[in-house]
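Asker: Just to be clear, the model below is a prediction. Sequence and coordinates:
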Amino acid sequence: MRKIILGISAFYHDSAAALLIDGHIIAAAQEERFTRIKQDAAFPVQAIKYVLSEAGISFDELTAVAFYDKPLLKFERLLETYHAFVPRGWRSFITAMPVWMEEKVFMKKMLRRQFRALSATVKVPLYFPEHHLSHAASAFYPSPFQSAAILTIDGVGEWATTTICYGAGSDIKILRELRFPHSPGLLYAAFTYFLGFKINSGEYKLMGLSPYGLPDDPQTIVFREKILATLVDIRNDGSILLNMDYFEFATGLKMTATPLWEALFGMCRREPESAITQEHMNLALAIQQVMEHIVVALAQTAKDITGSRRLVMAGGVALNCVANNKIRAAGIFEDIWIQPAAGDAGGALGAAYAAYHIGMEQARIFFQGDDAMQGAFLGPAYGDADIRKLLARYAAVAVHEPDFEKLTHTVSAHLANGKVVGWFQDRMEFGPRALGNRSIFADPRQPGMQQQLNRKIKFRESFRPFAPAVLAEDAALYFNDAGASPYMLFTTTLKEAQRIPLANTSSYTLFTTATQNVASVLSEAEQGTDATHTIASSLSEVQQGTAAAQKAQNSNLPPVGAAITDRLLQQRSCIPAVTHLDYSARVQTVHHTLHPKLHLLINSFKKLTGCSVLINTSFNVRGEPVVNTPEDAWLAFMRTEMDYLVIGHYVFDRRRQPALPKELFKSFELD
């Protein structure tokens, strides 16, 4: 008899559902993709309905349901923490207690109530693995390793904030545990808050801001020393002790004791959306360096106590791809694999795995050399019928191209001409990264494309970088240490041969980039495509670009500590739109087996331009979840300044679409 396990994460952030049948992943998705509420914490009703539908089963056919943590243990931690910090936290206590007493303490009862709403008539057995065990299971069981050290780091689960485990066969043993309130994740989150970003989403921004800090600036050095002397004591094994006089997350409604932080760093907490100065950049770099030191030390300890040559990771901190690369560069392990849905959404998958392998003692399914995540393409797919409904509902206009190879030639020409393309194919990604099925693509050779995408498409801060998607077989031509990275979870650096020294940025580099646009347009015109009307505007760009470059050449480069927007104008490489200030990039390697359609597209772009790289960013705007349905994709396309949208075999040209009614324009809460 088949064993069908539903895994659920809910009620904190990134609610999700995942389904295993006899140890195979059938489907997984975040609730936010269906409700369009970013990081939706609600019970994942829509995600559950989807994963059951994908398997063609009803709720009553489930063998078991697994929830990703132990609510009673978490409640114990809450009570003991408030008691330890009395009288601090009284306001937070009286706010939290009613919710816990009415709902979370009685999780089984609440889950049963939710199941009845899903038409469940049978009492399915419930499993409650601990939070960090769910993370560990999500990292180890789908990994390509028969045995491995397991490192999980996040804010907090029940008590644990960090664990080191060892996985072998179907078993996971927890070997070390760091407990609340001493948390690397919450330390990083506190700086996220102090620098004016939103907790649980702004950590990406903090990481992206850090390369703008100046490593040798005395201020950066002083900031780092103050963090280490006052805020956190880091032991040799990577465990930490936080100075709780400076933190309020244990009992308060804020992350930091802000007046103490302002006195410590000699600067005010940055207000959200306010200007970012060099001192903010330097502080971001200082905490990123501290976090990297902690993570590398923890990885070394995992190696020391397990003796394993391989490491797997999960938990929110495992999404810090810069720190991940530091572990890899340290040479501690021969191989590292990171769960692409490393945050709480992935806990749903880990809970299902833990119930199956540990709770039910089922043997592990292992694929030598391959992981079980199927490229993380575990969400819904939509067909031509769904696209035709979109066309009818909005009177949208599209060209159907049955030959997909021909479609990629057309799209490549648009990209080479500086156009921005929304790309929607097959099953949606599980986890925070768009990996080629719900993506926005653009030409990385265009010097201004990074700013254009941030300003006109994503509506987000100008400093935020974009990731390169590169053909796996060509990655070593562009990047150092270019191992397989299908999930965008490591950074690397650009090869010297691809870099442009800043002193040599000249009218020539800007002029040649602009003339490439004209060559691409002329090529399209010769092929009879509808592109000749853009030739005049491209020629104008050449003239303007040359004048701007001459002006830049006659002036000094922006001084150290210049505004971010000025520093972004410095062209650093032949693919400047995906080259960060320190020549780093968060690379996605595109493999023909995992990403057949994206591989075909980039190959077509390579044949046209000689470049094997595209900008790949998630198909959403700031504050919005990644698109799920064709309708989501078309509405996002129309609300931005994207030029083309490709859904399956249908190509939408922005110029041919009807005007979007005002009531369909939507504003999202800023992330």
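Answerer: All right, it came through fine.
Asker: Going along the chain, name the helices of the stretch 301-450 of the chain.
Answerer: For the stretch 301-450 of the chain, applying DSSP state H, counting those that start in this stretch gives helices covering 321-330, 344-354, 384-394, 404-416, 449-452.
Asker: And those helices: which comes nearest T493?
Answerer: With distances scored as C-beta to C-beta, the stretch of the helices of the stretch 301-450 of the chain nearest to T493 is helix 321-330 (9.0 Å). For every residue, glycine as well, the C-beta is placed using N, CA and C.
Asker: which residues sit in contact with T230?
Answerer: By C-beta atoms under 8 Å, 6 or more residues apart in numbering, T230 lies in contact with 243, 246, 264.
Asker: Closest one to N628 out of these, please.
Answerer: Y246 (40.8 Å).
Asker: What is the neighbour count of the closest one?
Answerer: Y246 is flanked by 16 other residues according to other C-beta atoms under 10 Å.
Asker: where's A482 relative to F265, distance?
Answerer: 38 Å (C-beta to C-beta, to the nearest Å).
Asker: before we move on, what about A47?
Answerer: 41 Å.
Asker: between these two, which one's more packed in?
Answerer: Per other C-beta under 10 Å, whichever of A47 and F265 has more neighbours is A47, with 31 against 20.
Asker: What strand or helix carries the nearest residue to the more buried one once chain neighbours are set aside?
Answerer: Distances taken as C-beta to C-beta, 6 or more residues apart in numbering put A17 closest to A47, at 3.9 Å, once the chain neighbours are dropped. Secondary structure from DSSP states H and E places A17 in strand 16-21.
Asker: which residues touch that strand?
Answerer: By C-beta under 8 Å, 6+ apart, strand 16-21 touches 2-9, 25-31, 44, 47-48, 50-52, 54-55, 341, 344-349, 351-353, 356, 378, 430.
Asker: And the pLDDT for E526?
Answerer: Per-residue pLDDT puts E526 at 38.
Asker: ok now do P658, which residues does it touch?
Answerer: Counting by C-beta under 8 Å, 6+ apart, the residues that P658 touches are 394-397.
Asker: Buried subset of these as a PyMOL selection?
Answerer: In PyMOL, selecting the buried portion of the contacts of P658, with burial taken from 16 or more other C-beta atoms under 10 Å, looks like this:
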select buried, resi 394+396
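Asker: Tabulate the contacts of P658 in TSV, adding columns for pLDDT and distance to F605.
Answerer: Shown next, in TSV, are the contacts of P658 (pLDDT from 0 to 100; distance: C-beta to C-beta, whole Å):
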residue	pLDDT	distance to F605
Y394	97	29
A395	97	31
A396	98	26
V397	98	25
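Asker: Name the member of the contacts of P658 with the shortest distance to F366.
Answerer: A396 (45.7 Å).
Asker: That closest one contacts V651, doesn't it?
Answerer: No: A396 is beyond contact range of V651, at 11.5 Å (criterion: C-beta atoms under 8 Å).
Asker: How about residues contacting the stretch of helix or strand F605 belongs to?
Answerer: Element membership of F605, judged by DSSP H and E, is helix 596-609. With contact meaning C-beta under 8 Å, 6+ apart, helix 596-609 is reached by 404-405, 408-409, 411-413, 415-416, 423, 425-426, 436-437, 439, 441, 443, 445, 469-471, 474, 516, 520, 523, 590-592, 611-614.
Asker: which stretches of the stretch 401-550 of the chain form strands?
Answerer: Under the criterion DSSP state E, counting those that start in this stretch, strands of the stretch 401-550 of the chain are mapped to 421-424, 438-442, 467-471, 491-493.
Asker: Any chance of TSV for the ones you listed, columns mean neighbour count?
Answerer: What follows is the strands of the stretch 401-550 of the chain, written out as TSV (neighbours: other C-beta atoms under 10 Å):
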stretch	mean neighbour count
strand 421-424	24
strand 438-442	27
strand 467-471	26
strand 491-493	23
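Asker: Give the buried residues for stretch 610-619.
Answerer: So, applying 16+ other C-beta under 10 Å, buried residues of stretch 610-619: 611-619.
Asker: In strands only, show me the residues you listed.
Answerer: Among the buried residues of stretch 610-619, the subset assigned to strands under DSSP state E consists of 613-618.
Asker: Look up how far G347 lies from the residue nearest to A47.
Answerer: Distance of A17 to G347, given as C-beta to C-beta: 11 Å.
Asker: what is in contact with these two at once?
Answerer: In contact with both A17 and G347: G7, using C-beta under 8 Å, 6+ apart.
Asker: Who has more neighbours out of these two?
Answerer: Under the criterion of other C-beta under 10 Å, the comparison of A17 against G347 puts G347 first, with 38 against 29.
Asker: Checking my notes, H13 in a helix, right?
Answerer: No: counting by DSSP: H, G, I helix; E, B strand; the rest coil, H13 falls outside a helix, being coil.
Asker: mind listing what the closest residue to it other than its chain neighbours touches?
Answerer: The shortest distance from H13 to any non-neighbouring residue, by C-beta to C-beta, 6+ apart, is to Q39 (4.7 Å). Residues near Q39 by C-beta under 8 Å, 6+ apart: 13-14, 32, 200-201, 625.
Asker: okay, now D245: neighbour count?
Answerer: D245, neighbours per other C-beta under 10 Å, totals 10.
Asker: hang on, isn't it packed against A257?
Answerer: Yes: using C-beta under 8 Å, D245 is in contact with A257, at 6.7 Å.
Asker: quick one on the thing from earlier: Throw the strands of the stretch 401-550 of the chain into a markdown table and include distance to A190, thanks.
Answerer: Shown next, in a markdown table, are the strands of the stretch 401-550 of the chain (distance: least, C-beta to C-beta, whole Å):
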| stretch | distance to A190 |
| --- | --- |
| strand 421-424 | 36 |
| strand 438-442 | 32 |
| strand 467-471 | 27 |
| strand 491-493 | 23 |
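Asker: Counting neighbours, what do you get for L73?
Answerer: Residues near L73, counting by other C-beta under 10 Å: 16.
Asker: ditto for A120
Answerer: Residues near A120, counting by other C-beta under 10 Å: 16.
Asker: How about the one 3 residues further on?
Answerer: Each residue near K123 was counted by other C-beta under 10 Å, and the total is 9.
Asker: Excluding sequence neighbours, find me the nearest residue to it.
Answerer: R112 (7.4 Å).
Asker: Go ahead and confirm the one you found touches T121.
Answerer: No: the pair R112 / T121 is not scored as a contact, 11.5 Å apart, by C-beta under 8 Å.
Asker: Could you list the domains of the protein?
Answerer: 4-131, 184-337, 384-505+557-664 (automatic domain parsing).
Asker: Adding distance to I365, write those out as JSON lines.
Answerer: Compiled in JSON lines, these are given as follows (distance: least, C-beta to C-beta, whole Å):
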{"stretch": "domain 4-131", "distance to I365": "4"}
{"stretch": "domain 184-337", "distance to I365": "16"}
{"stretch": "domain 384-505+557-664", "distance to I365": "18"}
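Asker: Tell me which of the ones you listed sits nearest to A160.
Answerer: domain 4-131 (6.9 Å).
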